[in-house]
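**Q** predicted model and sequence below, questions to follow.
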Amino acid sequence: MSKCIIFYVSQHHQNTEKLLKQAIGGEPLAELVPLTDTPLPDLSQYSLIGLASGVYMGEPHAAMLAFLEKHRKDLTGRKVFTILTSGSNQKNYRKNFRALLENCGCSITGSFQCKGFDTNGPWKLIGGIAKGHPDAADISDAAAFIREQIKTTLPSDTR
């Protein structure tokens, strides 16, 4: 097994993709793979799996939910961390995603969530919420979170 892979879906304003790409920067911390890529890499080649998504109507994106359903057996017993972006940044989003993954048999090593610009539904009428997010502080916090996940979860010879 090798390092860390982060599967992500980012649709509405590309908040999650922006967060991940800027948090990782030019560093080889993790391999970023959008769920739109096909075929997806073999999960068994990775010691640590990140799952990142925007929140849509209180849930991770439908593509993330489909990924979890399709790879349920592959994720059982695996070390997984989560990253979410959402306009309202409600704490229960993280909790609900963790519960979903625990039901898949994952071992959750950590969760990160930050605001993301949102103009979906009624927010469009007021020009959106969480303008400017993810911002520099969100990106810095996400980078620190990912580094900490790798440091504490991966054996030093695979980092």
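**A** Everything's here; your move.
**Q** low-confidence ranges in this structure?
**A** Within the chain, the stretches with pLDDT under 70 are 1-2, 156-159.
**Q** ranges for the helices of it?
**A** Counting by DSSP state H, the chain forms helices over residues 15-24, 62-70, 72-75, 91-103, 136-153, given from the N-terminal end onward.
**Q** chain center to the fourth one, what's the gap?
**A** Put plainly, it is helix 91-103. 12 Å (Cα atoms, centre = their mean, to the nearest Å).
**Q** show residues contacting that helix.
**A** 51, 53, 55, 58-60, 65, 68, 75, 80, 82, 84, 86, 108, 111, 113 (Cβ atoms under 8 Å, 6 or more residues apart in numbering). Yep, even glycine has a C-beta here, placed from its N, CA and C like the rest.
**Q** highest average neighbour count across the helices of the chain?
**A** The highest mean neighbour count among these, using mean count of other Cβ atoms under 10 Å, belongs to helix 15-24: a mean of 22.
**Q** for I5, list the residues it contacts.
**A** A30, E31, V33, P41, L43, Q45, Y46, L48, I49, G50.
**Q** do that again at 7 Å, thanks
**A** For I5, the contact set (Cβ atoms under 7 Å, 6 or more residues apart in numbering) comprises A30, E31, V33, P41, Y46, I49, G50.
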